[in-house]
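Peer 1: What follows is a protein structure lacking sequence information:
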């Protein structure tokens, strides 16, 4: 039987996870706004390149680190998306971002966009890591 303190601790942990997930949803909306901004001719090419990577990662239907892995799955989304968005926002003109934030909020309310490129990127990384693990395993077995 749990003590009152342990139950309170569980409630705090669950509320933190919910807060992180809510922040991720906010970041997804901001990411989509940045994506929309990247199509604007007033945005420099290097900002567009950064946005392409961040958007592909954020809207990939397959996560680099799956969300069911405690903490790491959520932190992965927070770190890559947060840093990418923060950097992109410094490169995109403010009037462009204001227009695109409104469009992004409307789109997210009607249904979240997905990225096939992001899914392909994640699958490629998984295959690369699996290949490296197999090569390392073969080398270890050859030494015996």
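Peer 2: Happy to help now that I have it. No experiment lies behind these values; they were computed from the predicted model shown.
Peer 1: quick one: low-confidence ranges for the protein?
Peer 2: 1-2, 61, 64, 67-68, 112-119 (pLDDT under 70).
Peer 1: how about 80 then?
Peer 2: 1-7, 10, 24, 27, 54-55, 57-78, 81, 110-123, 144 (pLDDT under 80).
Peer 1: In stretch 37-53, which residues are buried?
Peer 2: Under the neighbour-count criterion of 16 or more other C-beta atoms under 10 Å, stretch 37-53 has 37, 38, 40, 43, 47, 48, 50, 51 buried. For glycine as for every other residue, the C-beta is placed from the backbone atoms N, C-alpha and C.
Peer 1: next one: stretch 122-129
Peer 2: So, applying 16+ other C-beta under 10 Å, buried residues of stretch 122-129: residue 122.
Peer 1: and what of stretch 55-67?
Peer 2: By neighbour count with 16+ other C-beta under 10 Å, stretch 55-67 contains the buried residues 55, 56, 57, 58, 59, 60, 63, 64.
Peer 1: Can you list which of those are found in helices?
Peer 2: Per DSSP state H, helices hold the following members of those: 55, 56, 57, 58.
Peer 1: what packs against the helix or strand that contains residue 142?
Peer 2: In the assignment (DSSP states H and E), residue 142 maps to helix 116-143. Packing contacts for helix 116-143, counted by 3 or more C-beta pairs under 8 Å, 6 or more residues apart in numbering; DSSP states H and E, involve helix 45-58.
Peer 1: Just the residues contacting the helix it packs on, thanks.
Peer 2: The contact list for helix 45-58 (C-beta atoms under 8 Å, 6 or more residues apart in numbering) reads 27-28, 31-32, 34-35, 37-38, 64, 77, 80-81, 84-85, 87-88, 91-92, 115, 117-118, 121-122.
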